[in-house]
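Novice: sequence? don't have it. structure:
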C-alpha cells in the first residue's frame, strides 16, 4: 500500500512515465541542451513575499549555443491574483534566472525578454524551419508554468528544503477527435474540420457510475 500523496504530488510511476516520454521526444522534436535549473528557497521567499504570491517560470534560450545546440534556461517572476477571477498577472521585477545559483536579473529585463523570445521562435519552428518536426513543438512545449502555492510551500516551508530542481516530463494521452465528415478511409488531407470536445477520464470521471466502478 503506497502512502497518501501530498497535494500536487505526482505518483512515482507517473513521473517515471513522463520522464520516459520526454526522453523519447528528445530524439524527435526536442533538440535543446538543458543545464541544471534550480529554484532556491531564498528566491522563492522573495518572489512569494508576505502575500504568498505564486511563481511563474518562463522558458528561454541562451544567446550562445552549447555543442551546436541551443541551451534551455528559465526565469522566475512573482504572479499576483488580479481581481476576483482566476487571472494571475506578473510583477515585472524582481526576475531571477534559475541555474545552479539563482541570479537576480531585475536590471537585465531586456536580456530576459530576448531570451524568452528566442525560445518562442524555437517553439514555433522559426529558428530551424528546415527541421520537419519543428512545427510540432507548439503543441507539446509550453512557454511558461504558473506554479501552485502548495507544491512550493511543501518543499520550502514544510520540508525546509534550501533548493529544488526543475525538470521536465511529457504526458502522452490518446485524445478523442471528432471529424465533421465521415470518410471510408481517413487520409491526412486535412479537408475535414476536426474538433476536440472530450475530457479524458481520469480525471473527468463520474465516480458514482456503475460503469466506472
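Specialist: Perfect, I can see it now. Being a predicted model, the structure only gives us computed values, none of them experimental. Residues are numbered from 1 along each chain as shown.
Novice: please make it C-alpha for all contacts and neighbour counts, starting now.
Specialist: Will do.
Novice: just the strands in the chain please.
Specialist: 33-34, 38-40, 54-61, 71-81, 88-97, 103-104, 144-146, 163-165, 178-179, 194-195 (DSSP state E).
Novice: mind checking which of those is nearest residue 206?
Specialist: strand 178-179 (21.9 Å; Cα to Cα).
Novice: in the chain, which spans are helices?
Specialist: 12-26, 41-48, 109-124, 149-153 (DSSP state H).
Novice: turn the ones you listed into JSON lines, columns for distance to residue 174, mean pLDDT and mean neighbour count.
Specialist: Shown next, in JSON lines, are these (distance: least, Cα to Cα, whole Å; pLDDT from 0 to 100; neighbours: other Cα atoms under 10 Å):
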{"stretch": "helix 12-26", "distance to residue 174": "13", "mean pLDDT": "93", "mean neighbour count": "14"}
{"stretch": "helix 41-48", "distance to residue 174": "36", "mean pLDDT": "97", "mean neighbour count": "19"}
{"stretch": "helix 109-124", "distance to residue 174": "22", "mean pLDDT": "96", "mean neighbour count": "19"}
{"stretch": "helix 149-153", "distance to residue 174": "27", "mean pLDDT": "91", "mean neighbour count": "17"}
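Novice: could you export those helices to JSON lines, including columns for distance to residue 93?
Specialist: Below are those laid out as JSON lines (distance: least, Cα to Cα, whole Å):
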{"stretch": "helix 12-26", "distance to residue 93": "32"}
{"stretch": "helix 41-48", "distance to residue 93": "9"}
{"stretch": "helix 109-124", "distance to residue 93": "8"}
{"stretch": "helix 149-153", "distance to residue 93": "19"}
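Novice: what about the ones you listed, which gets the closest to residue 63?
Specialist: Using Cα to Cα, the nearest of the helices of the chain to residue 63 is helix 109-124, at 7.0 Å.
Novice: check the offset of that closest one from the chain's centre.
Specialist: On the basis of Cα atoms, centre = their mean, to the nearest Å, helix 109-124 sits 15 Å off its chain's mean C-alpha point.
Novice: from the rest of the structure, what touches that helix?
Specialist: Under the criterion Cα atoms under 8 Å, 6 or more residues apart in numbering, residues 58-63, 72, 75, 95, 105, 127-128, 134-135, 137-138, 141, 143 lie in contact with helix 109-124.
Novice: which among those end up buried?
Specialist: 58, 59, 60, 61, 62, 72, 75, 95, 105, 134, 135, 137 (16 or more other Cα atoms under 10 Å).
Novice: isn't the second one right up against residue 75?
Specialist: What it means is residue 59. Yes: counting by Cα atoms under 8 Å, residue 75 is a contact partner of residue 59 at 6.5 Å.
Novice: dig out what residue 38 forms beta bridges with.
Specialist: On the basis of DSSP bridges, residue 38 is bridged to residue 165.
Novice: measure it to residue 26 for me?
Specialist: Distance of residue 38 to residue 26, computed by Cα to Cα, to the nearest Å: 21 Å.
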